[in-house]
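Participant: Structure for the following, please:
(chains A and B)
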Protein chains: 2
Amino acid sequence: MGNNTLLERRYRVLGHNSPLFYDKPLNLVRGEGVWVYDADGRRYLDAYNNVPHVGHCHPHVVAALCRQAAILNTHTRYLHENVVAYAERLTAKFESSLAMAMFTCTGSEANELALRIARECSGGMGVIGTAHAYHGNTAAVIQIGSVFTPPEKRGPYVRTVPVMDPYRDRAGRSDAELATAYADDVRRAIDSFAAAGVPFAGLLFCTSFSSEGLPTLPAGFMSQALAHVHAAGGFFIADEVQSGFGRFGSHMWGYQKLGVVPDIVTLGKPMGNGHPLAGVIARRDLVERFTSGNMYFNTFAGNPVSAAVGMAVLDVLENERLLDNALEVGRYTLAGLTALAGKYELIGDVRGAGLFFAVDLVRDRKTKAPAAEQARRLVNLMRERGVLISRIGPGDNILKIRPPMPFSRENADHLVDTLDGAFREL
Amino acid sequence: MGNNTLLERRYRVLGHNSPLFYDKPLNLVRGEGVWVYDADGRRYLDAYNNVPHVGHCHPHVVAALCRQAAILNTHTRYLHENVVAYAERLTAKFESSLAMAMFTCTGSEANELALRIARECSGGMGVIGTAHAYHGNTAAVIQIGSVFTPPEKRGPYVRTVPVMDPYRDRAGRSDAELATAYADDVRRAIDSFAAAGVPFAGLLFCTSFSSEGLPTLPAGFMSQALAHVHAAGGFFIADEVQSGFGRFGSHMWGYQKLGVVPDIVTLGKPMGNGHPLAGVIARRDLVERFTSGNMYFNTFAGNPVSAAVGMAVLDVLENERLLDNALEVGRYTLAGLTALAGKYELIGDVRGAGLFFAVDLVRDRKTKAPAAEQARRLVNLMRERGVLISRIGPGDNILKIRPPMPFSRENADHLVDTLDGAFREL
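Facilitator: Numbering: from 1, shown residues only, chains lettered A, B, ... in the order given. The predicted structure is shown next:
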């Protein structure tokens, strides 16, 4: 059955607005490692998805899923070794203050729960997000996710701070000055809540500022801002859905790269390699305080199958030394992408860390005006040439490259060569 | 490793308030059909869980899960046959007006999305729920879930109507009079929103009124109430998490037993037999209107693995004729439970349909005062005797019995005999 027919059937039952990638949508039928295959047997290099974090259909993860699914799948109102062992192993990967785990099924649920905890424990409702962020799809979370939420729909309890974009907005300032500017933005948002009589709850941000464009952030960038948050009685929620589980290679969690320790961490996409597994890791006092006054239960979350899958993902990360790989191949890939910038004026900036890259396209290297249309065409050209990437940023002009963690030097060459060809064709 | 040690480890990482069943929590290690086994090898008849809807670890469902997980697991921004075929097959089980599917991972997410749709499409915020209902764990949904949410935390956008309890509150009234009384409660709630200047969005209720105590409802019970809802511009959201997928045997969905057609239906627990799969089925115009103004995407929802699992659950329901079984064994079980009422004064009322039963315990058959402490002890006695049940109701006095769908006459005898013994021991 051809794409068009499948697409028409899909429109009929899922609607016309259910989002699809690419001008010509892809009908994928098989995945293996960093490769996916369409219905015509054509192979694509997956340089976009962080859900199949340790590789599509990793046999160790699939085996763990199948083994446990055949034995028992139930909920956490019974005791089970898996969920406890997984929570122990997972929390051990965080600073000692982040000692407790609460499981959910999606990153949206994790951010939703984090907001409930922060609001309940602070007694406030006011939450600060970043302009052009995305954190999920619930009513409370969507108010903070400014990408798809116009200001009039954000309600009285949300403030956004401007996107930090050192490539465009440095204006001769030092790293320390940039950090202070960001901290001042945060302080202004806190003051704005105070002026409106809205008690403050905290700050939520993606630790790679991914939707915002993956900016290269100065060392110590967040520390001052966080001091303001804590001084105002708020909590700091780190969204690790994009950067967690070693994406940057150098650290297990994105906030560690920023040199701060959050009060609450939210986990999602890469956690179960595609299985719906997500969660909140938080300070013991916050979890105990929140749950003593609020019954929280999530039927499917932390079930024995999900826990087995989460454990298997950690196994693979460790056994295949995928953080080291992300660091090593990441450096190599970044060098390859940077070399392209020497060939194409359209590339204003190349940045990233580990296996997460942004190629910032500009119509003019002086004005740095976003080249959105070229980005759109390039993403589609890459798809035609068999490599999957996407785009991000307030100007919709930044190529987003974020392959599964077993990405190799050979894959990097393939990516860079294909991108080179796409730029030439553009 | 003994229970105590596992329990202590669990307290350390999941906290002291993460809910557990029974005074002496169960450490389950294996499940098969209607049976689960603890770490000491002891067998328990599962007469509580509707998540393993077609039976714990059903081989056909496990096989579908494993087969697809080894081939491809990705998201709905690529085309895939599974999610389209599943949405087609699922929507075909609803009235023709309920033509569109939106997938989520949990019932909470489904109710959250349903509220977003109802509020967006009505332009109102006011939602009516039932006193002593539970619909999930997000901030918006918990406001309507009165079981765990005290009135002061429900906010300005929620009204509750009293629980309908014909066993206690009939007061000589006819079925038609009861239905009118309920409709009047709904109309009063609508009027209360109007008086407060809160535009109305709709009515959300569980179609078995499960947390409320599984009342036996008069025929045509909801029709008048719904007329009020629609006349006021609101939508009717049917929560099928407890009653859906044939629980009542006579119908696939609980609202069909009530003789009404909702605008939006939410699905959860039984849908994936334990796999995190849930969703919203709604009118085409509502889905298209909502999604045209609101980007909705859920990374894990409707993925090829979840869709394969959902399809396998439908296969088993059909191939094993589990609705017929629910009807037939349900009648047999209800007769057995009703016979117990002849032996024990403590049983005030036995009610239910299909494989969903309520045994309403009273301290006195005249006053019908709830016997909460006896219910608590009975649930724990049953666990000691190897049968898993729970309790519900505003008075916490109603035994909740809701086994997996392949429950047999032999299982029913085992349940009733064990309950008989537990009553004797009490």
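Participant: Helices along chain A, start to end?
Facilitator: Taking DSSP state H as the test, the helices found in chain A are A:3-14, A:59-71, A:81-91, A:107-122, A:139-144, A:166-169, A:175-196, A:223-231, A:254-257, A:284-293, A:304-319, A:322-341, A:372-384, A:409-425.
Participant: Distance of the residue most central in space within chain A relative to chain B?
Facilitator: Nearest to the mean C-alpha position of chain A, counting by Cα atoms, centre = their mean, stands A:Q242 at 1.6 Å. For A:Q242, the distance to chain B (Cβ to the nearest Cβ, to the nearest Å) stands at 11 Å. (C-beta placed from N, C-alpha, C; glycine too.)
Participant: and that residue, what is it in contact with?
Facilitator: A:Q242 makes contact with A:N50, A:C206, A:T207, A:S208, A:S210, A:G254, A:K269, A:F356, A:R402, according to Cβ atoms under 8 Å, 6 or more residues apart in numbering or on different chains.
Participant: Equivalent analysis for A:Y134, please.
Facilitator: By Cβ under 8 Å, 6+ apart, the contact set of A:Y134 is A:G145, A:S146, A:V147, A:F148, A:C206, A:S211.
Participant: ok, those vs B:A87, which is closest?
Facilitator: For those, the closest approach to B:A87 (Cβ to Cβ) belongs to A:F148, at 23.0 Å.
Participant: Now distance to chain B too, for the helices of chain A, in CSV please.
Facilitator: Output for these, formatted as CSV (distance: least, Cβ to the nearest Cβ, whole Å):
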stretch, distance to chain B
helix A:3-14, 4
helix A:59-71, 4
helix A:81-91, 4
helix A:107-122, 5
helix A:139-144, 4
helix A:166-169, 26
helix A:175-196, 18
helix A:223-231, 21
helix A:254-257, 18
helix A:284-293, 4
helix A:304-319, 7
helix A:322-341, 18
helix A:372-384, 11
helix A:409-425, 18
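Participant: To B:F235, which of those helices lies closest?
Facilitator: Comparison of the helices of chain A against B:F235 by Cβ to Cβ identifies helix A:139-144 as nearest, at 15.7 Å.
Participant: what distance separates the start and the end of stretch A:289-306?
Facilitator: Its first and final residues considered, stretch A:289-306 spans 26 Å by Cα to Cα, to the nearest Å.
Participant: Report the distance from it to the chain centre.
Facilitator: Mean-position distance between stretch A:289-306 and its chain equals 23 Å (Cα atoms, centre = their mean, to the nearest Å).
Participant: in it, what counts as buried?
Facilitator: Within stretch A:289-306, the residues that count as buried by 16 or more other Cβ atoms under 10 Å in any protein chain shown are A:290-291, A:294-306.
Participant: ditto for stretch A:227-242
Facilitator: Residues A:H228, A:V229, A:A232, A:G234, A:F235, A:F236, A:I237, A:A238, A:D239, A:E240, A:V241, A:Q242 are the ones in stretch A:227-242 that count as buried (16+ other Cβ under 10 Å).
Participant: Show the model's pLDDT score for the first one.
Facilitator: Yep, that's A:H228 we're talking about. Note for A:H228: predicted pLDDT of 98.
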